[in-house]
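starting from these lines, generate the structure:
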Amino acid sequence: PGGPGYPPHSDGGGPFGSRRNLVLAIVGGVVLLAAAVGIGFWIARPGDTTIAAPPPGPVSAPATSVNSSAGSTTPNPSSPTKPTASGASTSGAPPAPASLPAAAPIAANLLVVPMRTEDDDSDERPLYLVDSSGETDPVKLSDASGKLANPMLQPDRTSVIYLEGGVLHVMASDGTGERNLTKREPSGCDDISGASWSQADAGVLVVSCRSSKKKYRLLVVDTEGRLIRRLDAGEKRFGDVTLSPDGQTVLFWASESTFGNGGSLYTLPIIGTGDPKQVTSGDEGLDGDPSWSPDGTQIAFTRLVGGPDGNPDVYVMNADGSGQRAIAETKADDVKPVWSPDGKNLLIVSDRKSAFGAPGKTWDLWLTRVSDGEVLSNFDLKADQITTPTWTYR
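Model prediction:
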């Protein structure tokens, strides 16, 4: 009861950009040099929400450095109360579009988790910042209301795009500046069920949605909501769309059935050429929740075996579908895997009572080693509901 469902595409738990050029005028051959110490200059377009760093954010979890091989962390005493850029991966990655609200980077040890806590009497599902060490309590990211889902980050971790009520929203990394991502929804897209923000081009997203005629669509769009390309998923129903780290390949589940959540997993080039390539078989179980490893060589996913009376487990395979093996097989529901930044571990949403125990009444995140399925830690979140979190990207 109160669980996240399987997979979480129906509530969105389940991306667009423009850049301005700054022109420097050199007059009369005189070059003016200005030196400023301790002063930051922030230039915003009219109507943009741009936040100077460091902002007074609501974040209290300490920045830490993650030892992913053991699941442990080391506190960073230089930044005890707010997120920093410590450990954030920004090498060679383009920044988020300048038009998006932005603030100081969310620290690399923090996850963005959509969840409803056990003591929350409302029907809301806010975004929380959760310390991957489990040493500090979760902190609500903003006062944004609704059943929030599908949070997405860029490598610079300065903005968060997410879904609420079938609409894409965006906020700065400290929870301020919340607004609709676009002024209008992409053409032919009335209800967005899932999205993935390209790590190779921060102005591009892939979205899955339904039209007014209840037809499912797979679209490539920009952060202004403009349609770039329609993709053919090849099946009647699909969901849990996610882009490979290099931004070239779309991964999703699809099914000919008009009922049920999940099916076989497929990949498709983002340029739209060729037919979708099937990488798992629905005959083995209902597959969903696909997630790329940071290097793009592996895929984690959830498999429901045994029909409605079965329970989902977490698997890992090579990107071409070979080498499928179970990582989490318990009597509980194990769903929505996301990778650690170094690709050695998975965070798995589960209602298990203990590391390999039976289902309980609340949900938690379990840090699990990919190489052998060893459970390293859990966070004791005691949540009534958790949908897909993000650590690096989704």
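
what about residue 118, neighbour count?
14 (other C-beta atoms under 10 Å). Where you see a C-beta, it was placed from the backbone N, CA and C, and this is true even at glycine.

quick one: contacts for it?
362, 382, 383, 384 (C-beta atoms under 8 Å, 6 or more residues apart in numbering).

by neighbour count, which of the residues you listed wins?
Greatest neighbour count in these, by other C-beta under 10 Å, goes to residue 383: 26 neighbours.

residue 114 contacts residue 146, correct?
No. With contact defined as C-beta atoms under 8 Å, residue 114 and residue 146 do not form a contacting pair (10.2 Å).

who's more crowded, those two?
residue 114 (29 against 16).

same for the helix or strand that one falls within, what does it pack against?
For residue 114, the host element (DSSP states H and E) is strand 110-117. Packing partners of strand 110-117 (3 or more C-beta pairs under 8 Å, 6 or more residues apart in numbering; DSSP states H and E): strand 127-131, strand 149-152, strand 359-369, strand 383-386.

hey, C-alpha coordinates of the last one in CSV?
As requested, the backbone C-alpha atoms of strand 383-386 are provided in CSV (Å, rounded to 0.1, in the frame of the first residue of the first chain):
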residue,chain,number,x,y,z
ALA,A,383,8.7,6.6,3.0
ASP,A,384,5.1,6.0,2.1
GLN,A,385,6.1,6.4,-1.6
ILE,A,386,9.3,6.9,-3.6
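
so what sits against both of residue 114 and residue 146?
By C-beta under 8 Å, 6+ apart, residue 114 and residue 146 have these common neighbours: residue 125.

how much space between residue 162 and residue 335?
Here the criterion is C-beta to C-beta, to the nearest Å. By it, residue 162 lies 19 Å from residue 335.

cool, and residue 305?
Separation of residue 305 from residue 335 (C-beta to C-beta) stands at 13 Å.

quick check, residue 112 in contact with residue 389.
Yes. Between residue 112 and residue 389 there is a contact at 6.3 Å, judged by C-beta under 8 Å.

picking up where we left off before, biggest separation within the contacts of residue 118, which pair?
382 and 384 (8.4 Å; C-beta to C-beta).

overlap of the contact sets of these two?
Common neighbours of residue 382 and residue 384 are listed as 117, 118, 362 (criterion: C-beta under 8 Å, 6+ apart).

export these to TSV and tack on pLDDT and distance to residue 295?
Below are these laid out as TSV (pLDDT from 0 to 100; distance: C-beta to C-beta, whole Å):
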residue	pLDDT	distance to residue 295
117	89	34
118	82	36
362	96	33
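
skipping its backbone neighbours, what lies nearest residue 234 in space?
Closest residue to residue 234 apart from its sequence neighbours, by C-beta to C-beta, 6 or more residues apart in numbering: residue 276 at 4.4 Å.

an error on my part: the question was meant for residue 360.
Residue 360 sits nearest to residue 353 (C-beta to C-beta, 6+ apart), 4.1 Å away.

contacts only, for the one you found.
Residue 353 neighbours (C-beta under 8 Å, 6+ apart): 332, 359, 360.

can you report phi and psi for it?
Backbone geometry at residue 353, expressed as degrees, to the nearest 10, gives phi -80, psi -30.

residue 349 contacts residue 332, doesn't it?
No. Here residue 349 does not reach residue 332: they are 10.3 Å apart, not a contact under C-beta under 8 Å.

who has more neighbours out of the two?
Shown here are residue 349 and residue 332; by other C-beta under 10 Å, residue 349 has more neighbours (30 against 22).

quick one: contacts for that one?
Residue 349 touches 4, 334, 335, 336, 363, 364, 365, 386, 387, 388, 389, counting by C-beta under 8 Å, 6+ apart.
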